[in-house]
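Undergrad: Okay, sequence plus prediction incoming.
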Amino acid sequence: MFDLIWSVILWLAEFITQVFENVVEILTTIFEFIYALIDAFIYLLYMVGVLAVKLFLVIFNAAKLLWSLVVGFGRTLASLNYTPRSGSGNGYSVILGRLFNGLNALQLDSIAYIILFCLWFITAISAIKLISSIRVGGD
C-alpha cells in the first residue's frame, strides 16, 4: 500500500515539475520577446538620433560654406582695392600678385581687379547654385 502511495506521490511530483517547467518556459519566451521588442525600439530611437545628428551636421556645414562664400563675396565687393601679398600658403596669391605686377606695367591693373571680382563672383554663384540644388529626395 505504501508503495502505491509513494508511486502516486512521485507521479504527482513529476507532473507538477513538468507543468512548472512548461509555465517557466512560456514565461521566459514571453519575457524574451518583450525584451527583444524593447531592444528594437530603443535601437530604432538611437538610429533616428544618429540620423538627425548627421543631417544637422550636413546642413550646418553647408550653411557654414555658404556663409563663408557670402562673406568672401561681400569682402571682395567692399574692398576692390587689392594689394597682392607674398606667400600666404597657396599658389593663388602668388599668381594674382604676378598678374597685378604684369598688368600694372601695362597700366591694365583695373582689368586685374575685374578678373579678381569675376573669379569671386563665379565661385560664389556656383556654390550658391550647387547648395540650392541639393534636395532632400535627390533629383
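TA: Looks like it came in fine.
Undergrad: Ala124: neighbouring residues, count only.
TA: 19 (other CB atoms under 10 Å). The way it works is simple: take the backbone N, C-alpha and C, and place the C-beta from them, glycine included.
Undergrad: tell me the contacts of the nearest residue to it once chain neighbours are set aside?
TA: Computed as CB to CB, 6 or more residues apart in numbering, the closest residue to Ala124 that is not its neighbour in sequence is Phe73, at 4.1 Å. By CB atoms under 8 Å, 6 or more residues apart in numbering, the residues touching Phe73 are 120-121, 124.
Undergrad: In helices, which of those residues fall?
TA: Among those, DSSP state H puts 120-121, 124 in helices.
Undergrad: which one of those residues is nearest Glu32?
TA: Glu32 lies nearest to Ala124 out of these, by CB to CB, at 59.0 Å.
Undergrad: so how far is stretch 16-27 off the chain centroid?
TA: Chain-centre distance of stretch 16-27: 50 Å, with CA atoms, centre = their mean, to the nearest Å.
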